[in-house]
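**Q** starting from these lines, generate the structure:
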Amino acid sequence: MNDLRSARFYAILDTGYVPRERWTAVCRALLLGGAAVIQLRAKRETAAERRGLLEEILPLFVPAAVVAAPPPLVINDDLALALAYPGLGLHVGQDDLAPQLARARLGPDRLLGLSTHSPAQAAAAQALPAGTLDYFAVGPVFATPTKPDYTPVGLELVRHVAASRPTLPWFCIGGIKRTNLTEVRAAGADRVVVVSEILTAADPAALIREYRAHL
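**A** As a prediction, this is how the structure comes out:
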């Protein structure tokens, strides 16, 4: 399994916020900022369009192209795309491919993560056989335009998961900003995913460094 215990900041490169003409530049900024994981999320695009977006940024993940040791690159809910290139990870949701099946297809060495939205889902993620997941995400903690159809889970779920002392690394996601980061930390989280505030920032790399300093 991939060791994410020291990871603190997870970035998502999302086509909902990043136009194609800025795609590569923003990805470069995520790398320069020191994101521990970067996920490619292109929900509205076709499989062919996702492949094109991926191929545009893959050269940045060659060691020393931007940073000496690039972080893992994870594909959101597209197993075929992840498997088409060496080393890519996969992130799945509750309605996507089951984690056990995803792991069987991915093999033991690729990163696999799962979204959870309730105490039961978080418990189920932790109860999966060892080696199935590398991490799970908890959210959306606050209301977020990234996923407007999801009801925020609030800080209570963060406290609940923190109290369960997971052995798996876990990340809080959804509406997290500098203005509420202190609340999230106080609830027991020490790893976050930030989407809109980073992707719309004038200097995403500097903002990631600021988050990392607080985490």
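**Q** use CA for all of it now, contacts and neighbours both
**A** OK.
**Q** the spatially closest residue to residue 144 that is not a sequence neighbour and residue 121, how far apart?
**A** Counting by C-alpha to C-alpha, 6 or more residues apart in numbering, residue 175 is the residue found nearest to residue 144 once chain neighbours are left out, at 4.7 Å. Separation of residue 175 from residue 121 (C-alpha to C-alpha, to the nearest Å): 20 Å.
**Q** settle it for me: which of these two has more neighbours?
**A** residue 175 (22 against 16; other C-alpha atoms under 10 Å).
**Q** in what helix or strand does the residue nearest to residue 144 lie?
**A** Using DSSP states H and E, residue 175 sits within no helix or strand.
**Q** show me what contacts it?
**A** For residue 175, the contact set (C-alpha atoms under 8 Å, 6 or more residues apart in numbering) comprises 140, 141, 142, 143, 144, 145, 194, 195, 196.
**Q** go on, residue 26?
**A** 13, 18, 199, 204.
**Q** change it to 10 Å
**A** 13, 18-20, 32, 57, 198-201, 203-205 (C-alpha atoms under 10 Å, 6 or more residues apart in numbering).
**Q** kindly report the same for residue 121.
**A** 94, 114, 115, 127, 136, 138 are the contacts of residue 121 under C-alpha under 10 Å, 6+ apart.
**Q** shouldn't the last one be in contact with residue 171?
**A** Yes: counting by C-alpha atoms under 10 Å, residue 138 sits close enough to residue 171 to count as a contact (6.1 Å).
**Q** quickly list what's touching both of these two.
**A** Residues touching both residue 138 and residue 171 (C-alpha under 10 Å, 6+ apart) are 115, 158, 189, 192, 193.
**Q** helix/strand/coil for the last one?
**A** At residue 193 the chain is in strand, as set by DSSP: H, G, I helix; E, B strand; the rest coil.
**Q** what's near enough to touch it?
**A** 8-12, 35, 37-38, 137-139, 171-177.
**Q** ditto for residue 92
**A** 75-79, 98-99, 102, 112-116, 136.
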